[in-house]
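Asks: Please find the sequence and the predicted model below.
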Amino acid sequence: MAEKEKTAKNSFWKSVKSEFLKITWPDREAIVKQTTMVVFISLVLGIIIAILDFFLQMGVDFITTLNV
């Protein structure tokens, strides 16, 4: 029984290794382009969210001062 489990584990790790060798990693230029786009989009979305938050906060403040 122990030998059967050992064979199954070895087979599993051989499969993992063969699948890992099939991975194609992107080149440096692609990584730089993708990273630049992620940072740019994150900044743009952050600015949009900050603007929306500012105007929503102004609206909430306006509404709360009317009820006083």
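Replies: Okay, I see it.
Asks: Helix or strand: which one has residue 23?
Replies: Residue 23 belongs to no helix or strand when elements are defined using DSSP states H and E.
Asks: On the pLDDT front, check it for me.
Replies: Looking at residue 23, its pLDDT reads 92.
Asks: For it, give me its contacts.
Replies: Listed by CB atoms under 8 Å, 6 or more residues apart in numbering, residue 23 has no contact partners. Heads up, the C-betas are built off the backbone N, CA and C, glycines and all.
Asks: That one and residue 29: what is the separation?
Replies: Distance, residue 23 to residue 29, using CB to CB, to the nearest Å: 18 Å.
Asks: Number of residues surrounding residue 36?
Replies: Per other CB atoms under 10 Å, the neighbour tally for residue 36 reads 10.
Asks: check contacts around it.
Replies: With CB under 8 Å, 6+ apart, residue 36 has no contacts at all.
Asks: measure it to residue 44 for me?
Replies: In this view, residue 36 and residue 44 are 13 Å apart by CB to CB.
Asks: And for residue 33?
Replies: Residue 33 sits 16 Å away from residue 44, going by CB to CB.
Asks: Would you mind finding the longest helix in this structure?
Replies: The longest helix of the chain (DSSP state H) is helix 28-66.
Asks: Run the chain-centre distance for that helix.
Replies: Counting by CA atoms, centre = their mean, to the nearest Å, helix 28-66 is centred 17 Å from the centre of its parent chain.
Asks: which parts of it are buried?
Replies: Neighbour counts over helix 28-66 (16 or more other CB atoms under 10 Å) mark no residue as buried.
Asks: Quick one: mean pLDDT over that helix.
Replies: Here the average pLDDT along helix 28-66 is 96.
Asks: how far away is the residue nearest the centre of the chain from residue 44?
Replies: Centrality entry for the chain: nearest residue to the mean C-alpha point is residue 38, 9.5 Å, by CA atoms, centre = their mean. Taking CB to CB as the measure, residue 38 falls 11 Å from residue 44.
Asks: again, but for residue 50
Replies: 11 Å.
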